[in-house]
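# Below is the sequence, then the predicted model.
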Protein chains: 2
Amino acid sequence: MSRHPIRFKTKPKIIACASAVGGLEAKGPLKPYFDLISDDSRFGMDTWEKAESEMLRSCTECGIKKANLGYDDIDLAFSGDLINQCTASTFGLMDKQIPHIGLYGACSTFVLGMSLAALSIESGLANTALAAACSHFCSAERQYRYPLEYGCQRTPTAQTTVTGAGCAILSRMGVNKIFVDEFLPGIIRDLGICDANNMGAAMAPACCDTLVRYFSSSGTSPSDFDLIATGDLGYEGHRIFSELCDNAGYDVSKNSIDCGMMIYDCDKQEVSAGGSGCGCSATVFSSIIFHRLQNATYRDVLLIGTGALLNPSTILQKESIPGIAHLVRIRRES
Amino acid sequence: MSRHPIRFKTKPKIIACASAVGGLEAKGPLKPYFDLISDDSRFGMDTWEKAESEMLRSCTECGIKKANLGYDDIDLAFSGDLINQCTASTFGLMDKQIPHIGLYGACSTFVLGMSLAALSIESGLANTALAAACSHFCSAERQYRYPLEYGCQRTPTAQTTVTGAGCAILSRMGVNKIFVDEFLPGIIRDLGICDANNMGAAMAPACCDTLVRYFSSSGTSPSDFDLIATGDLGYEGHRIFSELCDNAGYDVSKNSIDCGMMIYDCDKQEVSAGGSGCGCSATVFSSIIFHRLQNATYRDVLLIGTGALLNPSTILQKESIPGIAHLVRIRRES
């Protein structure tokens, strides 16, 4: 059995990241770090679904440009989103003639994409690979919950789906010092949470499980890292996650934060338990976290993408909500 | 740029395959090759969605047993299906405590899973990995089209979603002579087909594109292979695919067939243009094709998984149907 984290010998470099967000996200504290902002929730399109694809398209275009590359230089793209059959991201990338692999990991998709992009470089399949993920409040809300016009109220533990797309470009070559060091895939955990308005609680056990497996496998502990970023548990889920880690003997209170807690100003913005959606950890990593790796504020970061593996039918059929969490360690060569 | 097929140095072996199907599939010509057959479309569950998960669960259990392994021996599982947010396969595997990566590639999912399982072995992440995919006529029909009770008629070009699950277990070790030799990821192709009842036509261009790129990259031609199996274009799509290949200078008429043409007896069974769904190529490969590799009838097979990247909303919003096709070359050491 080999269920240890893989340490990438090729040290796949993250040569560029980009983010595109909507108006609500741009009113939050991370505004200065986002590349593209649209106050129009339709991003110039005639439906929210097309808007989500356009957001991803413009985000990847921006990322590829920042990497001084063209679409032809990308050997492989990994993408995913929350829309049924992942059409938001596939439609966003479909005209670009890039070999494409579709992923589904709910809010863990961006981390999964980066991990598999690194794996594709490690194995020799690709020299340069792109990972991208997106979500849109309006397309998600009407697909998972209620028509927006209904104006449904959120419960305090519910999270707000981020309108955002993030992408990372990984390469075997390049001069950037930031690289994907390790990857540990998650195991599905299900503790019987059935409340679709408390997905943080549903994902927290999987998040703790992956992190504890990582610590135990690698012989590391929380203090070895500048940042342990989860995404997206929100306030409620992160509180439970911290408690579970504490019970397992790991104090993550000093350097752990959730991307869903970072993207909004939760005192001033009405976002209940914080942000969620594939676009949340994707935009938070691609903006402030990557920025701080570049300016050496951070040198060693664990990013744990968490996903709630539900759909509206599983909830109606009274199934519980299994969670999953994938971990990547991202480092900066000094 | 590196958009060539990857040839796996580790020669990941396919140490076992398994298949589970419903009653209609068991009435077809491949009945003797299937491992598990259920005449009850609910597989003992109370909903078709749960039935689909149970089918996948029992299929993977059977495959792992055939490989003389336990769940603990599987380092990583790749799975996917057609149900919104891929819950059919995740719920089927969720209790098994296997690290899990969710994929979405529509009907190409099984091939994608085998390819990434091979990649995970090649990179050193896993020693043994599982790839699984499933679809269920009843859960797919009511999600994509109409309630079953409505009794909607199919057009002649429409395909029948296979009720079936297939899995393959790949390993770095083992004595089996069958291995995954090469993988070429697909590029999304969209020629403007908008008819959701003719997905074969929507996928045929992507299938031809991948195969022609493979031939041109590897310096091979159709006659180098014992079998070129596509899945799932159906009769209509395969006819178009063959014509497109012919136009590109490759005659695939002698040794190419589509999994959707193999699974049913189309003269006697009312299945319109043949089979489709993630479970089609998954069960056809896991049954007869793998059997014929084992008994050395085939020694060199190209399997091209094709997917139509639509959802019901994209059709309602008048989008066209992009297609994708991923290729694996599977060989037998003589």
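That came in fine, so what should we check first? Numbers count the residues shown, from 1 in each chain, chains lettered A, B, ... in the order given.
# Could you point out which residue ranges in chain A have low pLDDT?
Counting by pLDDT under 70, chain A shows low-confidence ranges at A:1.
# The residue nearest the centre of chain A and chain B, how far apart?
In chain A, the centroid-proximal residue (C-alpha atoms, centre = their mean) is residue A:281; its distance is 3.3 Å. Going from residue A:281 to chain B by C-beta to the nearest C-beta, to the nearest Å gives 16 Å. Using the backbone N, CA and C atoms, a C-beta is placed for each residue, glycine as well.
# Next, that residue: phi, psi?
phi -60, psi -30 (degrees, to the nearest 10).
# Hmm, residue A:113 and it touching each other?
No - with contact defined as C-beta atoms under 8 Å, residue A:281 does not count as touching residue A:113 (10.7 Å).
# where do the strands sit along the stretch 201-334 of chain A?
A:227-231, A:256-258, A:275-276, A:300-308, A:323-332 (DSSP state E, counting those that start in this stretch).
# Please identify the deepest-packed of these.
Among these, strand A:275-276 has the highest mean neighbour count (mean count of other C-beta atoms under 10 Å in any protein chain shown), at a mean of 34.
# Show me what it is packed against.
strand A:160-161, helix A:259-262 (3 or more C-beta pairs under 8 Å, 6 or more residues apart in numbering or on different chains; DSSP states H and E).
# mind putting these in TSV, mean neighbour count and distance to residue A:81 included?
Supplementary listing: the helices and strands packed on strand A:275-276 in TSV, determined by neighbours: other C-beta atoms under 10 Å in any protein chain shown; distance: least, C-beta to C-beta, whole Å:
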stretch	mean neighbour count	distance to residue A:81
strand A:160-161	26	11
helix A:259-262	28	16
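# To chain B, which of these lies closest?
Relative to chain B, the nearest member of these by C-beta to the nearest C-beta is strand A:160-161, separated by 13.7 Å.
# going on from the closest one, what's the next piece of helix or strand?
Scanning forward in sequence from strand A:160-161 by DSSP states H and E, the next helix or strand is strand A:164-171.
# Dump the C-alpha coordinates for that following strand into PDB.
The C-alpha trace of strand A:164-171 is given here as PDB (Å, rounded to 0.1, in the frame of the first residue of the first chain):
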ATOM      1  CA  GLY A 164     -15.100  34.000  -9.100                       C
ATOM      2  CA  ALA A 165     -12.600  32.000 -11.300                       C
ATOM      3  CA  GLY A 166      -9.000  31.200 -10.500                       C
ATOM      4  CA  CYS A 167      -6.300  29.600 -12.400                       C
ATOM      5  CA  ALA A 168      -2.700  28.500 -11.900                       C
ATOM      6  CA  ILE A 169      -0.200  27.700 -14.600                       C
ATOM      7  CA  LEU A 170       2.400  25.100 -13.700                       C
ATOM      8  CA  SER A 171       5.500  24.400 -15.600                       C
END
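# What are the contacting residues of the helix or strand that comes right after that strand?
From strand A:164-171 onward toward the C-terminus, using DSSP H and E, the following helix or strand is strand A:178-184. For strand A:178-184, the surrounding residues in contact (C-beta atoms under 8 Å, 6 or more residues apart in numbering or on different chains) are A:4-8, A:11-14, A:114-115, A:117-119, A:170, A:210, A:213-214, A:217-218, A:290, A:293-294, A:326-333, B:99, B:125.
# what sits against residue A:80?
Residue A:80 makes contacts with A:86, A:89, A:102-105, A:109, A:112-113, A:133, A:278, B:104, as judged by C-beta under 8 Å, 6+ apart.
# Could you tell me which residues of the stretch 201-334 of chain A lie near chain B?
A:307, A:309-314, A:317, A:319, A:322, A:324, A:326 (C-beta under 8 Å from any C-beta of the partner chain).
# What about these, which one has the most neighbours?
Neighbour counts for those (other C-beta atoms under 10 Å in any protein chain shown) peak at residue A:307, which has 33 neighbours.
# Not counting its neighbours along the chain, what's nearest it?
Leaving out its chain neighbours, the residue that sits closest to residue A:307 by C-beta to C-beta, 6 or more residues apart in numbering or on different chains is residue A:106, at 3.1 Å.
# Can you report how many residues lie near the one you found?
Residue A:106, neighbours per other C-beta under 10 Å, totals 30.
# before we move on, the earlier item: in contact with the residue nearest to the centre of chain A, which residues?
For residue A:281, the contact set (C-beta under 8 Å, 6+ apart) comprises A:107-108, A:110-111, A:166, A:229, A:231-232, A:259, A:303, A:305.
# Kindly recompute the last result at 6 Å.
The contact partners of residue A:281, taken as C-beta atoms under 6 Å, 6 or more residues apart in numbering or on different chains, are A:110, A:231-232, A:259, A:305.
# buried stuff in stretch A:291-300?
Going by neighbour count (16 or more other C-beta atoms under 10 Å in any protein chain shown), the buried part of stretch A:291-300 is A:291-293, A:298-299.
# swap that for stretch A:21-36, sorry
Residues of stretch A:21-36 classed as buried: A:21-22, A:24-26, A:28, A:30, A:33-36 (neighbour count, 16+ other C-beta under 10 Å).
# same deal with stretch A:74-92?
A:74-92.
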